[in-house]
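# when you get a sec, could you give me coordinates for this:
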Amino acid sequence: SRIAPEKGFEFLSEVAHSLVEKSFPFHLLIVGGNRNPAVELAVQDLFSDISSHVTFTGMLEGATLARAYASGDIFLHSSITETFGLVVLEAMASGLPVIARDEGGPSEIVEHDRSGYLVPPSDVSTFVSRIEELSSNTNLRSSMGKTARQISLQATWEKINNRVAHQLADALTHQVP
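Reported below is the predicted structural model:
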């Protein structure tokens, strides 16, 4: 993903700081980059005081990206500006349960309580609680990861385009004159 302020890194930083305050064991792998080093540095600065818990990999692709997904237990998605959320679908295809803020594209992809959790967009404490829950329950994490993978395999571009077309038609039908 692109490292940019609109991707919700301030929210993710609050989540990570909360986990550190609780002495919760974790390591956050942040994959992506930005052509503007100042933007990337500003995001990295949000995590500078907890840097032992965070690794920034830069941009990854191919087998290296696949290994990054495979190294994870849970995929955290903090953006609320995604129109689709391809990274969410990639994580699900890798068998990762997803915790995402319930706004934008991921709300259409993640099935709450089945393939992960959708959390109110500003609710840091619930986001943290969901991380703790999935981290401590291997069976739940495995079950949600399997469901996430199954859902992702059903997400063909044809099905996605049809769903978007139906939503647009429905919106136009219910438009106020």
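
# the residue nearest to Asp102 when sequence neighbours are not counted bridge partners, please.
Ranked by C-beta to C-beta, 6 or more residues apart in numbering and with sequence neighbours excluded, the top spatial neighbour of Asp102 is Leu118, at 3.8 Å. From N, CA and C alone the C-beta is placed, and that goes for glycine too. In this entry, Leu118 is beta-bridged to Ala100, by DSSP bridges.

# got a list of what Leu118 touches?
Going by C-beta atoms under 8 Å, 6 or more residues apart in numbering, Leu118 touches Ala100, Arg101, Asp102, Pro106, Ser107, Val110, His112.

# also Ser125?
Ser18.

# report the buried residues of the helix or strand that contains it.
Using DSSP states H and E, Ser125 sits within helix 124-136. Under the neighbour-count criterion of 16 or more other C-beta atoms under 10 Å, helix 124-136 has Val124, Phe127, Val128, Arg130, Ile131, Leu134, Ser135 buried.

# coming back round to it: among the contacts of Leu118, which two are most distant?
Arg101 and His112 (12.1 Å; C-beta to C-beta).

# those two: which has the busier surroundings?
A direct count of neighbours by other C-beta atoms under 10 Å for Arg101 and His112 places Arg101 higher, at 23 against 12.

# out of the contacts of Leu118, which comes closest to Arg141?
Once C-beta to C-beta is applied, the member of the contacts of Leu118 that ends up nearest Arg141 is Val110, at 14.5 Å.
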